[in-house]
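1. prediction below, plus the sequence it came from.
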Amino acid sequence: MPDPCVVAPVRGRHAVLPRGCAGANGQTTLSRLMLFLLLTIFQIAMETQQHQTDIITLTRHVLSEGARARSQDETVTGEMTLLLNSLQTICKVIENLVRKARVNDLIGIAGNQNVQGEEQKKLDVYSNEVMIKLLLSSGQCSVLVSEEEDNVIVVKEHGGHPGKYCVVFDPLDGSSNIDAGVNIGTIFGIYRILDGSEGSVKDVLRPGREMVAAGYCMYGSSANIVLTTGNGVNGFTLDNNVGEFVLTHPNIEIPSRGNIYSFNEGNSMYFHEPVIKYLESVKFPGEGKKPYSARYIGSMVADVHRTLLYGGIFGYPSDKKTKNGKLRLLYEGFPMAFLIEQAGGVATTGEKRVLDVEPQSIHDRVPIFLGSKEDVQDLLSFFHK
Ligand code: AMP
Ligand code: AHG
Ligand code: MN
Ligand code: MN
C-alpha cells in the first residue's frame, strides 16, 4: 500500500499533505522558509565568489601605487616597488619561521646578547639573518640598521649591489612573548639615501619625518602587514592558502578618542609625575564617567596594532631609571610614529613630536606616547601643567 503521507509535488506547485499527516499544517511555511534559506545561502556564496575574484593583494597594491607614482613623476624607476616586495617576502619567511618555531625547536635563547645587552632568542637571530640576507640581495639598499647588529651594515662592503634606499628594522619585536605564543612582529622604516652618498651612517641618522615608508608585520592569530608610503595607512592579512597578503583594512584611521590605556604599569614606582597623574585620570575619571580599560601585551607591534584599530593610548615613558625609556628610536619609535600620524593620530615624546627627534646614534632610545589625538592631548596637558 502506498503511504498517503508521501505525495509527489504537482508540476509548478507544492504538494499538499492530506489532513492528519505530520507537518501538513506548517508545510507551506516550511517550504517558504527552506526556499528563503537556500536563496540566502546562494546569495552569500555569490557574494563571496564575487569578492574572491577581485582581491587586492599587497603585490597588486604596491604595483598600482608604483604606477601611480610613475604617472606623476617620470623619474620613478620601480626600485621602491621592488624593495616593498622584498620586504613582503621577508615577512612571509619570518611568518613561516614563527609558525613552525615550536615544532622546529626554534624556541628559546640563542646564547648571545645584542648590543643593548639583551639576550637574543633563536627567532631573533634567524629573523635577523633572513632580513639581512634578503635585503642585501635585493639590490635596492645601501645601508641597513638592525636592532640585532651593533653597527650599520653598508651594503657595498658586504658584496651587495647598492641601491637608493636605507632600511632600519627590528627583525623580531616582542621577543619576551615568543615562548608563550603571544603576538610578535617585524618593524621597518625606509629612508632614501642622501644625495651624493655612497652609503654611510649619516644616511640613517635623520629625523623620522624624512622616512619615505614604514610598516610592520604582526604575527598573531593571522599575519598582518600594516604599511604607509606617506599616503595613508593600509592593512593586509596573509591568506596562507594563496600565499599573498590581502587588503583587509583599507585606509586605516585611528579613532579620535579611545577608551584603552596601554602602559607597563609595573614600572609605576619609577614613573615621573605627569605620567602618574595622567594614569590616575583615566582610572578615576570623576563622577559619571567610565574609567579606561587596561591592555598591555608587551609587544610594541601588537599594542600599536590594537591602538590603531581601536584607539586609545600606548606609552613607554622615560622614568627615574631610564633617561629615554626603553623603545628604540630608529626602528621602533619612528616607524610607529609615522604610521600613527598617517592614520590621523599623534606620537610624542611628551616634549616634542617623535618624528622630529634627531638621532645621535643608531640604537638611541626614545620616550613615546602614541595613539588617538584626544587621548594623547589629554596626556600632554599633564606635561604642560
Ligand atoms: P623609485 O624610483 O621607484 O624608487 O620611486 C621613487 C619614489 O616614488 C619613492 O621614494 C616613493 O616616494 C614613490 N613610489 C615609487 N613606487 C612606489 C610604490 N610602489 N608605492 C608607493 N610609493 C612609491
Ligand atoms: P624587542 O623584543 O624587539 O626587544 O622589543 C621589546 C619591546 C617592545 O616590543 C615592547 O613594547 C617592550 O619591549 C615591552 O617592554 P616591557 O617588558 O619593559 O614592558
Ligand atoms: Mn622591539
Ligand atoms: Mn626585537
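-> The structure has been received and is ready for your questions. Ligands and ions are numbered 1, 2, ... in the order given.

2. right, and ligand 3 sits closest to which residue of the stretch 51-200 of the chain?
-> Nearest to ligand 3 in the stretch 51-200 of the chain, going by CB to the ion, is D173, at a distance of 3.4 Å. Where C-beta positions appear, they are placed from N, C-alpha and C, glycine not excepted.

3. for that residue, report the pLDDT, please.
-> Note on D173: pLDDT of 98.

4. is it true that it touches M300?
-> Yes: assessed by CB atoms under 8 Å, D173 is found in contact with M300 at 5.5 Å.

5. overlap in contacts, the two.
-> Common contact partners of D173 and M300 (CB atoms under 8 Å, 6 or more residues apart in numbering): 185, 187, 332.

6. mind checking how far the residue of the stretch 51-200 of the chain closest to ligand 3 is from G266?
-> Distance, D173 to G266, using CB to CB, to the nearest Å: 19 Å.

7. with neighbour numbers in mind, choose between those two.
-> D173 (29 against 8; other CB atoms under 10 Å).

8. up against ligand 1, what does the stretch 201-350 of the chain have?
-> Residues of the stretch 201-350 of the chain lying near ligand 1 by CB under 6 Å from any ligand atom: 212, 229.

9. and the strands in the stretch 201-350 of the chain?
-> Under the criterion DSSP state E, counting those that start in this stretch, strands of the stretch 201-350 of the chain are mapped to 213-219, 223-228, 233-239, 244-249, 260-262, 293-294, 313-316, 346-348.

10. the fifth one vs ligand 2: in contact?
-> No: no part of strand 260-262 sits near ligand 2 under the criterion CB under 6 Å from any ligand atom; the closest distance found is 9.0 Å.

11. what about that strand, average pLDDT?
-> What strand 260-262 shows for mean pLDDT is 99.

12. which residues of the stretch 201-350 of the chain lie near ligand 2?
-> So far as CB under 6 Å from any ligand atom goes, the stretch 201-350 of the chain lies against ligand 2 at 264, 298-300, 303, 316, 326.

13. which of those lies closest to K121?
-> S299 (12.8 Å; CB to CB).

14. okay if I get the residues of the stretch 201-350 of the chain next to ligand 2 as CSV plus distance to V103 and neighbour count?
-> Shown next, in CSV, are those (distance: CB to CB, whole Å; neighbours: other CB atoms under 10 Å):
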residue, distance to V103, neighbour count
N264, 31, 15
G298, 24, 15
S299, 22, 23
M300, 27, 27
D303, 28, 26
Y316, 33, 24
K326, 32, 19
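
15. residue contacts, A110?
-> Residues near A110 by CB under 8 Å, 6+ apart: 120-122, 124-125.

16. one more time with 10 Å, if that's ok
-> 119-126, 148 (CB atoms under 10 Å, 6 or more residues apart in numbering).

17. from ligand 2, how far out is the closest residue to G371 other than its chain neighbours?
-> Nearest residue to G371, sequence neighbours excluded (CB to CB, 6 or more residues apart in numbering): I313, at 4.0 Å. When CB to the nearest ligand atom, to the nearest Å is the yardstick, I313 and ligand 2 sit 14 Å from each other.

18. so which residues of the stretch 51-200 of the chain form strands?
-> Taking DSSP E, counting those that start in this stretch, the strands of the stretch 51-200 of the chain run over residues 109-113, 119-121, 141-146, 153-154, 165-173, 184-192.

19. give me the mean pLDDT for the shortest one.
-> Same thing as strand 153-154. pLDDT averaged over strand 153-154 gives 98.

20. list the contacts of it.
-> 132, 135-136, 141-146, 160, 162, 166-167, 198-201, 203.

21. what pairs with it, and is each one parallel or antiparallel?
-> Using DSSP bridges, strand 153-154 pairs in its sheet with strand 141-146 (antiparallel).

22. just the helices in the protein please.
-> Counting by DSSP state H, the segments of the chain that form helices are 27-53, 58-72, 79-100, 122-138, 273-283, 300-310, 334-342, 373-384.

23. deepest in the core, which of these is it.
-> helix 334-342 (a mean of 27; mean count of other CB atoms under 10 Å).

24. report the lowest-confidence entry in the contacts of A110.
-> E119 (78).

25. count of neighbours near that one?
-> Residues near E119, counting by other CB under 10 Å: 13.

26. please verify my assumption that it contacts D179.
-> No: if you go by CB atoms under 10 Å, E119 and D179 don't touch, sitting 11.9 Å apart.

27. touching both of these two, which residues are there?
-> Common neighbours of E119 and D179 (criterion: CB under 10 Å, 6+ apart): I109.

28. kindly reformat the residues of the stretch 201-350 of the chain next to ligand 2 as CSV containing distance to N104.
-> Output for these, formatted as CSV (distance: CB to CB, whole Å):
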residue, distance to N104
N264, 31
G298, 24
S299, 21
M300, 25
D303, 27
Y316, 32
K326, 30
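
29. leaving out chain neighbours, which residue sits closest to L87?
-> Setting aside the residues directly before and after it, L87 is nearest to F188 in space (CB to CB, 6+ apart), at 6.1 Å.

30. and what of L82?
-> Spatial nearest neighbour of L82, excluding adjacent residues (CB to CB, 6+ apart): Q140 at 5.5 Å.

31. need the helices of the chain in JSON lines (columns: distance to N251).
-> Formatted as JSON lines, the helices of the chain follow (distance: least, CB to CB, whole Å):
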{"stretch": "helix 27-53", "distance to N251": "18"}
{"stretch": "helix 58-72", "distance to N251": "12"}
{"stretch": "helix 79-100", "distance to N251": "18"}
{"stretch": "helix 122-138", "distance to N251": "28"}
{"stretch": "helix 273-283", "distance to N251": "28"}
{"stretch": "helix 300-310", "distance to N251": "12"}
{"stretch": "helix 334-342", "distance to N251": "10"}
{"stretch": "helix 373-384", "distance to N251": "17"}
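
32. ok, of the ones you listed, where does mean pLDDT dip lowest?
-> Least confident of the helices of the chain, judged by mean pLDDT, is helix 27-53 with a mean of 76.

33. name the helices or strands packed onto that one?
-> Of the remaining helices and strands, none touches helix 27-53 by 3 or more CB pairs under 10 Å, 6 or more residues apart in numbering; DSSP states H and E.
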